[in-house]
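[1] what's the 3D shape of this:
(one chain, ligands or ions: 1)
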Amino acid sequence: MAGEEILLETQGITLTEDVRINGVDIEATLAANGDLAWRSANAFAGERRLSLDKEVLGIELRGTILTVRSFVEEIKEASCLGTRKREVKRVRKDYVFELETEEKGMVWGERLSACIGSLGRPKRLYIIVNPFGGKQCGRKIFANEVKPLLDAANLLYTLQETDYQLHAQEIVGSLDIKKFDGIICVSGDGVLVEVVNGLLQREDWNKAIKVPLGIIPAGSGNGMAKSLLDSSGEPCSISNAVFSIIKGKKRALDVASVIQGETKFFSVLMLTWGLIADVDIESEKYRWMGSARFEFYSLLRIMNLRKYTGDVQFVPAPGYESIGVPLTQTEESNKHDDPILSPGGKVGNDKTLQSKRYQGPSVSLEESHWRSIEGPFVYVWLNNVPWCSEDVMQAPEAKFSDGYLDAVIIRDCPKSVLLSLFFKMGDGTYVSSPYVTYIKVKAFRLAPGQRVGNPRKGGIIDVDGEVIARGDDKQKRKQYLMSYGPPIHITIDQGLATIFCPR
Ligand SMILES: Nc1ncnc2c1ncn2[C@@H]1O[C@H](COP(=O)(O)OP(=O)(O)OP(=O)(O)O)[C@@H](O)[C@H]1O
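    As a prediction, this is how the structure comes out:
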């Protein structure tokens, strides 16, 4: 029978063949969905199964030889200080199936290719590598850990390195997006945020922002990669991130618009003001300490704790309506004068900006009941995802596409308690402290004030690791995107972007 006839006749049924696997004669089956099974040569090991969707990168057929390239979980046990540690890690394994005839090889090869094709995996990717992010290993990470997996999956890609800050934003601003099934950043979170901003500045932003994004952790802040992998119960590793992109599963991702007057910045991770921003940005001068700079500077800042005056207003998500106090009649009516955001108006329809770029979500906040919290504040932290780095879970309830941001606010807190809360950030349990206010919000308005006891100095507003405004001496020396003082409005566009995820 000719190969095509066999293909037609065998569609939908499990095929059973005598094959040689890695040199041993064995009976193997190939299910209609592409899953493989065979009895191991080792009688005690029992049956071996290979899930096409969850374990196979790609295949290669040469005559009667079919190579299945897999990426399978292996359990490694190690003994450490008398305790046994169990670690699950994926390893590359090739299974070489030798079929009796070329026709049979073709039937198996075609079925596996068709099944892989039906999984919706990406075929061509645009990959942006930041050679400067994190420990400056982006290039090495791509060559040693990313490329081998992409090649094993027969994935085509175009590679582009960033040469300077905001280069990624510029690149995606003019990229021919039709050619690619995804844009992948081998970087920290900063480059991913540049990509989101670059896509939303295009005239065809509504199509561009639907291109699936991917992140392979190669920075010092890898909060998005950690959040995506952890939410599927996978350890945050480069190879797990690459495999999740190859498998092609996607999820929607909320995008927050940070707006002051006519200036806009789009965020997918977090906005922070007060202690956290001070530690993140001011600890730069201790970069030589490595990641210990955060612990060291946090301790320093808590000992010399700053508080900032100001106020925040927000539209709470259902279930959080009792937090804060309702706005007074006067405050409500003042908001109606706000050209960008008012409870009685629409966000993002400002006529002054005639640009075709994305203008922020067109959500009606007409019926919303705004509430407020008065300062002074130790910090205000708005979050889109649970993790801001690989070891800080600052917003355990945050969801990728629930249409809300998780606001974590500390106003007053004894220094000793604050210190203990910092040590509990690894598992998010700190949010249950009575000193922490945790609210899911639909919209947020931040009016940042000056330091208590030092009214000449303001704080830092940090969005996704980028300083967008600061109220200290440095403000005079550098131009920031926004000014410190006037209110900053934050609204959320539910599920505007799409991102590759493990499952
Ligand atoms: N070739 C380059 N030289 C200098 N800066 C660059 C280059 N390419 C990209 N950048 C900038 O590096 C910054 C950090 O990038 P990235 O997101 O990879 O890492 P990060 O984890 O956010 O930060 P970092 O690791 O630097 O603390 C971004 O602002 C980006 O614009």
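[2] Show me which residues of the stretch 151-300 of the chain are close to the ligand?
    162-167, 187-191, 194, 219-221 (Cβ under 6 Å from any ligand atom). Heads up, the C-betas are built off the backbone N, CA and C, glycines and all.
[3] same deal with the chain?
    Counting by Cβ under 6 Å from any ligand atom, the residues of the chain lying close to the ligand are 130-134, 162-167, 187-191, 194, 219-221, 465.
[4] CA-only coordinates of stretch 50-68 in PDB, if you can.
    Coordinates of each C-alpha in stretch 50-68 appear next as PDB, following Å, rounded to 0.1, in the frame of the first residue of the first chain:
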ATOM      1  CA  LEU A  50       5.500  10.500  26.000                       C
ATOM      2  CA  SER A  51       2.900  13.300  25.800                       C
ATOM      3  CA  LEU A  52       3.200  15.100  22.600                       C
ATOM      4  CA  ASP A  53       1.700  18.300  24.000                       C
ATOM      5  CA  LYS A  54       3.600  18.400  27.300                       C
ATOM      6  CA  GLU A  55       6.900  16.700  26.600                       C
ATOM      7  CA  VAL A  56       7.800  16.900  22.900                       C
ATOM      8  CA  LEU A  57       9.700  19.700  21.300                       C
ATOM      9  CA  GLY A  58       9.800  18.400  17.700                       C
ATOM     10  CA  ILE A  59      10.600  15.500  15.400                       C
ATOM     11  CA  GLU A  60      12.900  14.600  12.600                       C
ATOM     12  CA  LEU A  61      12.400  11.900  10.000                       C
ATOM     13  CA  ARG A  62      15.100  10.400   7.800                       C
ATOM     14  CA  GLY A  63      13.900   7.300   5.900                       C
ATOM     15  CA  THR A  64      13.100   4.700   8.500                       C
ATOM     16  CA  ILE A  65      14.600   6.700  11.400                       C
ATOM     17  CA  LEU A  66      12.300   8.900  13.400                       C
ATOM     18  CA  THR A  67      13.900  11.100  16.100                       C
ATOM     19  CA  VAL A  68      11.500  12.400  18.700                       C
END
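[5] Tell me the gap between it and the middle of its chain.
    Counting by Cα atoms, centre = their mean, to the nearest Å, stretch 50-68 is centred 30 Å from the centre of its parent chain.
[6] Over to stretch 248-258?
    So, by Cα atoms, centre = their mean, the centroid of stretch 248-258 is 8 Å from its chain's centroid.
[7] Quick check: closest non-adjacent residue to residue 101.
    residue 64 (6.6 Å; Cβ to Cβ, 6 or more residues apart in numbering).
[8] now do residue 53
    Of all residues beyond its chain neighbours, the one nearest residue 53 is residue 119 (5.9 Å), with distances taken as Cβ to Cβ, 6+ apart.
[9] The one you found: which element?
    In the assignment (DSSP states H and E), residue 119 maps to no helix and no strand.
[10] State the distance from it to the ligand.
    Counting by Cβ to the nearest ligand atom, to the nearest Å, the gap from residue 119 to the ligand is 30 Å.
[11] which residues does that residue contact?
    Taking Cβ atoms under 8 Å, 6 or more residues apart in numbering, we find residue 119 in contact with 52, 53, 247, 248.
[12] Who are the contact partners of the last one?
    This points to residue 248. By Cβ under 8 Å, 6+ apart, residue 248 lies in contact with 119, 120, 121, 122, 181, 500.
[13] Reformat these as JSON lines; add pLDDT.
    Shown next, in JSON lines, are these (pLDDT from 0 to 100):
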{"residue": "119", "pLDDT": "96"}
{"residue": "120", "pLDDT": "95"}
{"residue": "121", "pLDDT": "98"}
{"residue": "122", "pLDDT": "98"}
{"residue": "181", "pLDDT": "98"}
{"residue": "500", "pLDDT": "98"}
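[14] sorry, back to before: and the residues of the chain next to the ligand, which of them are buried?
    130-134, 162, 167, 187-191, 194, 219-221, 465 (16 or more other Cβ atoms under 10 Å).
[15] Which strand or helix spans the spatially most central residue of the chain?
    Geometric centre of the chain, nearest residue: residue 224, 2.6 Å, by Cα atoms, centre = their mean. In the assignment (DSSP H and E), residue 224 maps to helix 223-230.
[16] Which residues does that helix contact?
    189, 192, 215-217, 235-237, 240-241, 244, 268-270, 385-390, 392, 398, 400, 499-502.
[17] Sort out which of the residues of the chain next to the ligand are in strands and list them.
    If you go by DSSP state E, the residues of the chain next to the ligand have residue 187 in strands.
[18] Who are the contact partners of residue 120?
    Applying Cβ under 8 Å, 6+ apart to residue 120 gives the contacts residue 248.
[19] same thing with residue 231?
    So, once contact is read as Cβ under 8 Å, 6+ apart, residue 231 ends up touching 386, 400, 501.
[20] can I assume the last one is in contact with residue 250?
    Pointing back at residue 501 there. Yes: contact criterion Cβ atoms under 8 Å: residue 501 and residue 250 qualify, at 6.5 Å.
[21] Can I take it that residue 145 is in a helix?
    Yes: per DSSP: H, G, I helix; E, B strand; the rest coil, residue 145 lies within a helix segment.
[22] Could you tell me how far it is located from residue 456?
    49 Å (Cβ to Cβ, to the nearest Å).
[23] Could I get the pLDDT score of whichever residue of the stretch 351-500 of the chain sits closest to the ligand?
    Proximity to the ligand, evaluated over the stretch 351-500 of the chain using Cβ to the nearest ligand atom, is greatest for residue 465 at 4.9 Å. pLDDT recorded at residue 465 is 89.
[24] Show me the two of the residues of the stretch 151-300 of the chain next to the ligand that sit farthest apart.
    The two members of these with the most space between them (Cβ to Cβ) are 163 and 221, at 20.9 Å.
[25] follow-up on the earlier one: okay, residue 145 and residue 456: which has more neighbours?
    Taking neighbours as other Cβ atoms under 10 Å, residue 145 and residue 456 compare with residue 145 leading, 18 against 9.
[26] Now do the closest residue to the more buried one other than its chain neighbours against the ligand, distance only.
    Excluding its sequence neighbours, the residue lying closest to residue 145 (Cβ to Cβ, 6+ apart) is residue 238, at 4.7 Å. From residue 238 across to the ligand, the span is 14 Å (Cβ to the nearest ligand atom).
[27] List the contacts of residue 238.
    141, 145, 146, 216, 217, 218.
[28] 10 Å instead?
    The contact partners of residue 238, taken as Cβ atoms under 10 Å, 6 or more residues apart in numbering, are 137, 141-142, 144-146, 149, 186, 216-218, 222, 225.
[29] Touching both of residue 501 and residue 250, which residues are there?
    Residues touching both residue 501 and residue 250 comprise 212, 214, 244, with contact defined as Cβ under 10 Å, 6+ apart.
[30] Sweet, I'm off.
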